[in-house]
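> 3D model of this:
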Amino acid sequence: MKRLMLACVLALFAAGCGGSDDKAKPVSEPGEKLYEMHGTIVSRNPADNSLHIDHDAIPGFMEAMAMDYTVRGAKVASLPPDRTRVAARLHVTDRSYWITDVKKSQ
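Residues are numbered from 1 along each chain as shown. Below is the predicted model:
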């Protein structure tokens, strides 16, 4: 009986660990605003799939600064190396922001 209860608890725990965070978020969302962003990759966090980018001013939206951006549609390990100048698409909604299409600038 103890083994059965332990097995049930472990099964419930395993099911809870695979929650909605494991699902890929969409690259685009309704109502988003898009901006072209240019900057330099400073560092990356594969666990969060994010890049720390020191970017130029984004006209009509934000001054130049360095900050973290979650990447959607690609794994940060597959993107250009740190200290590379890049261009990306910045997606902004009322509740979040993220980047896509990160490519080495020409």
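
> what's in contact with stretch 41-56?
Contacting residues not belonging to stretch 41-56 are listed as 37-40, 64-71, 75-77, 79-84, 86, 88, 99, 102 [Cβ atoms under 8 Å, 6 or more residues apart in numbering]. C-beta: built from backbone N, CA, C; applies to glycine.

> at 6 Å instead, please
When contacts are taken as Cβ atoms under 6 Å, 6 or more residues apart in numbering, the neighbours of stretch 41-56 outside the stretch itself are 37-40, 64, 66, 68-71, 76-77, 82, 84, 86.

> among those, name the ones in strands.
Among the contacts of stretch 41-56, the members found in strands (DSSP state E) are 37-40, 66, 68-70, 86.

> got TSV for these, with distance to Arg95 and pLDDT too?
Compiled in TSV, the ones in strands among the contacts of stretch 41-56 are given as follows (distance: Cβ to Cβ, whole Å; pLDDT from 0 to 100):
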residue	distance to Arg95	pLDDT
Met37	19	97
His38	25	98
Gly39	23	98
Thr40	27	98
Ala66	22	98
Asp68	16	98
Tyr69	15	98
Thr70	13	97
Val86	25	98
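
> so where's this protein uncertain?
Across the chain, the ranges flagged by pLDDT under 70 are 1-23.

> what segments of it are helices?
Secondary structure of the chain by DSSP state H: the helices cover 2-17.

> and the contacts of stretch 41-56, which two are the farthest apart?
Across the contacts of stretch 41-56, no pair lies farther apart than Ala64 and Ala77, at 26.6 Å, counting by Cβ to Cβ.

> which one (most neighbours) among the contacts of stretch 41-56?
Each of the contacts of stretch 41-56 was scored by neighbours using other Cβ atoms under 10 Å; the highest score is Gly39's, at 24 neighbours.

> nothing else from me, thank you.
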